[in-house]
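In: have a look; sequence and predicted model below, questions after that.
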Amino acid sequence: MLRTDNLQKTYESGDEALKGVSLSIEGSEIVSMIGPSGAGKSTFIRCINRLVEPTGGEVYLDETELRALGKRDLRKARRDIGMIFQEFNLVERLTVMENVLSGRLGYVSTWRAFRRNFPSEDIQRAYEILERVGLEDMENKRADELSGGQRQRVGIARAVIQQPKILLVDEPTSSLDPETSHKVLDLLTTVAKEDDIPVLINIHEVELALDYADRIVGLSDGELVWEGGTDELDEHARDIIYRGGESREGTGSAIEEEEAAEDRQEIDRQVPGGG
Amino acid sequence: MAADQQTWRRPTAFYNRTVKWLFYIGSVLFVGLLLSRTGVSPGRFWQGILFGIDLVGQMVPPTATETQFNRMMEMLGESVAMSMLATVLGVLISIPFGFLAAENLVPKPVYYLNRSIIMVSRSLHSLIVAIIFVKAFGLGVVAGVLTLSFKTIGYWSKLFAEDLEDIDRGQMEAIEATGGSRLHTIVYGVVPQVIPRAIGLTVYRWDINIRQSTIIGIVGAGGIGTVILAAFDKYQYQYASTILLAIVAVVMVGEAISAITRRRVE
Amino acid sequence: MATGSLQEWQRYDRRTRIGRYLMILASLIILAISWVSLELDFGYLLSAPANLADLFVRMYPPDWGYTTTIVDPMIQTINIAIVGTIVAVIIAFPVAFLSAKNTTPNKATYVLGKFIISFSRSVNGIIWGLITVIMFGPGALAGMVAVGLRAIGFVAKLLGEEIEEIATGSVEGVRATGAGTFLVFLYGIFPQIKPALVGISIYRWDINVRISTVIGFVGAGGIGVHLFEAIETFAWRTVLLILIAILGVVIVSEALSAYLRAKVR
Ligand SMILES: Nc1ncnc2c1ncn2[C@@H]1O[C@H](COP(=O)(O)OP(=O)(O)O)[C@@H](O)[C@H]1O
Ligand SMILES: [Mg+2]
């Protein structure tokens, strides 16, 4: 179980990216975080495993408060958090297998890792996972020989082999074309369900979020402004998330209404292939 | 099925793993052999390091008497003057060599001949050229200027020729189509395309020539090198460190001027 | 409006043109000063080709009998280049990380890294040779250290630039798995700079071969010792043989270096 309590981040530049976000994710649900670009979605995810240091609040993974951990314990905690990135973040010059096995680096000794001599359970699991993500027989290819979709599959494999307690996924499809996006999300959600892992997934394409999530949370300007099931995300909810609730106040002039409609079209246009 | 596999080894860039290890072991043995053949022992190395620390102690603080200082400034000036003159002379000689070494402009035999000359100029260290020129023309700046000029040919002509080989053929053909002669083609179709780059190369080579002009005096070809060699020979280590600092300063100023000029031209 | 901007454009163009003329003028003046201050004799320069031709006549034919004598010093020359390169790369490796903005621990280490690089680079290899001969005495050891000292700055500079360009996302991807600092380096950073490291080292080795041919002029071992001796004793036919040998070794190592660098991806 993951729970954040009043999580805050103010960057050194003075940007208040998170203004106290409290959220909890339980069981094996898939939670989609939506919100306009710059809302703080990436910052939120990266504050959880402290790739970015939060400036206030708490993060609990099961019973452990992650912000209180020292370097060593933080590394141990990171082993339990699988992360998947928008730009895949693979090591391009390493083979697929090395990229996947790097998900086990928190567990093996430096010397064994140096010699690429991983325990046989790890290797067996790596082969299994490669098969599950549809990359069988690709283990000796270098990551830079793969297509975008294939790279993201390696990214998923690297996170899953950690046997994490939760998957944090930051805009996994923004670097992919619409068709591949669907395939990657299908795979990601299937794997998570099979392994019984909860997922927090940032996504700016609302329709994709609706397709794959169990629950949706809306972040706007560093604050959690909406929370609910996929069927509850109506026009009203979208207004709150994407337009700071302007049209909810209802007193808007005709011109404002028109602008809002244009905005809405803009958002809908991002839906691939008409949904 | 692949999923039952329990071992994996990274594919190696070598023929196979045995070859890889043989290569690594061989390399280590080879270097060990090199060291033992040159009579390098840890003891001797350590002694040298200790002496080096002592030497640094004798070098600081850098000082020079007034006569020494004046001589240093005079010879630094000589180095800079040599580098200026040699750059101009060298580039003037290099222009024809450059054209004659461009594969797309001249017949094959001419190309190979000029490439060979360039290769000789590039392969011989400036000190080798300098020591021979000193024997041919006597001690002093003439040998120095000629050395730097000769070294300029190898650098400047080579890069210039490569630029000529990369030029846009369209502009050349446009001139050819108007019925221009080969010389016309070169003058109007080629030259305008490569002038900025030629200036850049010249300025860059001048920067290199300054560096070289500070060392060729070690074999008698003029400039500050003569003075630094004498300072070391006479155990005037504080003076030597003064000269070293002065050389570093001149080299850095030259580098800065060259960098700024190149940025403005290109 | 339109004419105004046209005038503006012309004025600007005129200014750059004047600037250009001034630059040419300044160069000419400096050149003239150089010429006068060096007190060069024009006749001297004109007789240069004749003097050289005369020298070459005395050099020909090369003294092939001397070949066996220079095999050993020639090998030693290459050795100096190899060992010098290895030493330099080992020392330059940590220096490169200090000098790269994204890996240096703090401001002080950054300055230290940059300082080591420019210190090593601004002293010529042959001058390093003068110093190391005093330290270690004449011989190949002094040559190796001199070649190495000069190469540290070169390797560290290029490698540091490479480190500054690594993909930080990849490093983050490895860090997020819970890997320790050293393993993050080993899996996230090192694979990204490995080809550059190999390429730069080979490239520097090739440059070091050239320096090693002359380092003997100040007593630091290699073929330069023999070349110097032959020239001082006016043994011109021996000189030509040694020159041919040097040309051969330098050209072969340059080709080898280019071939190997093309092979590392
Ligand atoms: N490294 C950083 N330094 C300073 N400000 C940042 C940094 N990263 C993000 N921000 C700021 O924090 C806010 C949230 O950004 P981000 O978390 O990337 O939003 P999202 O992922 O929702 O698009 C933005 O205003 C952004 O400019
Ligand atoms: Mg983002």
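Out: Received the coordinates, thanks. Ligands and ions are numbered 1, 2, ... in the order given.

In: surely residue A:144 meets residue A:91?
Out: No: look at residue A:144 against residue A:91 with Cβ atoms under 8 Å: they stay out of range, at 9.4 Å. To be clear about C-beta, it is placed using only N, CA and C from the backbone, and glycine gets the same treatment.

In: looking at the two, which is more packed in?
Out: Set residue A:144 next to residue A:91 and count neighbours by other Cβ atoms under 10 Å in any protein chain shown: residue A:91 wins out with 26 against 12.

In: who's in contact with that one?
Out: Counting by Cβ atoms under 8 Å, 6 or more residues apart in numbering or on different chains, residue A:91 makes contact with A:98-99, A:102, A:143, C:170, C:173-174, C:187-188, C:191-192.

In: from these, which land in helices?
Out: If you go by DSSP state H, these have A:98-99, C:170, C:173-174, C:191-192 in helices.

In: picking that back up, out of the contacts of residue A:91, which touch chain B?
Out: Contacts with chain B within the contacts of residue A:91, counted by Cβ under 8 Å from any Cβ of the partner chain: residue A:98.

In: need the contacts of residue A:91 in JSON lines (columns: distance to residue B:115, neighbour count and pLDDT).
Out: Conversion of the contacts of residue A:91 to JSON lines gives the following (distance: Cβ to Cβ, whole Å; neighbours: other Cβ atoms under 10 Å in any protein chain shown; pLDDT from 0 to 100):
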{"residue": "A:98", "distance to residue B:115": "44", "neighbour count": "24", "pLDDT": "95"}
{"residue": "A:99", "distance to residue B:115": "46", "neighbour count": "28", "pLDDT": "96"}
{"residue": "A:102", "distance to residue B:115": "48", "neighbour count": "27", "pLDDT": "95"}
{"residue": "A:143", "distance to residue B:115": "41", "neighbour count": "22", "pLDDT": "94"}
{"residue": "C:170", "distance to residue B:115": "42", "neighbour count": "26", "pLDDT": "96"}
{"residue": "C:173", "distance to residue B:115": "48", "neighbour count": "29", "pLDDT": "96"}
{"residue": "C:174", "distance to residue B:115": "47", "neighbour count": "26", "pLDDT": "96"}
{"residue": "C:187", "distance to residue B:115": "45", "neighbour count": "26", "pLDDT": "96"}
{"residue": "C:188", "distance to residue B:115": "44", "neighbour count": "26", "pLDDT": "95"}
{"residue": "C:191", "distance to residue B:115": "38", "neighbour count": "20", "pLDDT": "95"}
{"residue": "C:192", "distance to residue B:115": "37", "neighbour count": "19", "pLDDT": "95"}
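
In: closest residue of chain A to chain B?
Out: residue A:120 (3.9 Å; Cβ to the nearest Cβ).

In: surely that residue meets residue B:6?
Out: Yes: counting by Cβ under 8 Å, residue A:120 touches residue B:6, with 3.9 Å between them.

In: count the neighbours of residue B:10 for me.
Out: 15.

In: got any ranges where the chain has weak pLDDT?
Out: You didn't say which chain, so I picked chain A. Applying pLDDT under 70 to chain A flags the ranges A:245-275.

In: meant chain C actually
Out: By pLDDT under 70, the low-scoring segments of chain C are C:1-14, C:42, C:265.

In: cutoff 80 now
Out: Within chain C, the ranges that satisfy pLDDT under 80 run C:1-20, C:23-24, C:27, C:35, C:37-48, C:265.

In: helix/strand/coil for the most centrally placed residue in chain C?
Out: Centroid-nearest residue in chain C, with Cα atoms, centre = their mean: residue C:207, separated by 5.5 Å. Assigned by DSSP: H, G, I helix; E, B strand; the rest coil, the conformation of residue C:207 is helix.

In: what residues are up against it?
Out: Neighbouring residues of residue C:207 by Cβ under 8 Å, 6+ apart: C:151, C:154.

In: please report how far it lies from residue B:195.
Out: In this view, residue C:207 and residue B:195 are 30 Å apart by Cβ to Cβ, to the nearest Å.

In: rebuild the contacts of residue A:91 as JSON lines, extending it with distance to residue B:18.
Out: Shown next, in JSON lines, are those (distance: Cβ to Cβ, whole Å):
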{"residue": "A:98", "distance to residue B:18": "22"}
{"residue": "A:99", "distance to residue B:18": "27"}
{"residue": "A:102", "distance to residue B:18": "27"}
{"residue": "A:143", "distance to residue B:18": "27"}
{"residue": "C:170", "distance to residue B:18": "32"}
{"residue": "C:173", "distance to residue B:18": "33"}
{"residue": "C:174", "distance to residue B:18": "31"}
{"residue": "C:187", "distance to residue B:18": "26"}
{"residue": "C:188", "distance to residue B:18": "30"}
{"residue": "C:191", "distance to residue B:18": "24"}
{"residue": "C:192", "distance to residue B:18": "28"}
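
In: I'd assumed residue A:164 was in a strand, is it?
Out: No: counting by three-state DSSP, residue A:164 is not part of a strand but coil.

In: what values do phi and psi take at it?
Out: phi -80, psi 160 (degrees, to the nearest 10).

In: isn't residue B:117 up against residue B:161?
Out: No: Residue B:117 lies out of contact with residue B:161 (Cβ under 8 Å); the separation is 11.4 Å.

In: the two: which is more packed in?
Out: residue B:161 (25 against 16).

In: could you verify my assumption that that one touches residue B:102?
Out: Yes: Residue B:161 sits in contact with residue B:102 when judged by Cβ under 8 Å, with a separation of 4.5 Å.

In: and the stretch 151-265 of chain C, which of its residues are near chain A?
Out: C:167, C:169-170, C:172-180, C:182-183, C:186-188, C:191-192, C:194-195.

In: next up, the contacts around the residue of chain C found nearest ligand 1.
Out: Ranked by Cβ to the nearest ligand atom, the top residue of chain C for proximity to ligand 1 is residue C:168, at 11.1 Å. Under the criterion of Cβ under 8 Å, 6+ apart, the neighbours of residue C:168 are residue C:102.

In: give me the neighbour count for residue C:52.
Out: 16.

In: which secondary structure element contains it?
Out: helix C:48-59 (DSSP states H and E).

In: returning to what we had before: from residue B:197, how far out is the residue of chain A closest to chain B?
Out: Distance from residue A:120 to residue B:197, counting by Cβ to Cβ: 59 Å.

In: hmm, back to that, ok, the residue nearest to the centre of chain C to residue C:213 distance?
Out: Residue C:207 is 11 Å from residue C:213, by Cβ to Cβ.
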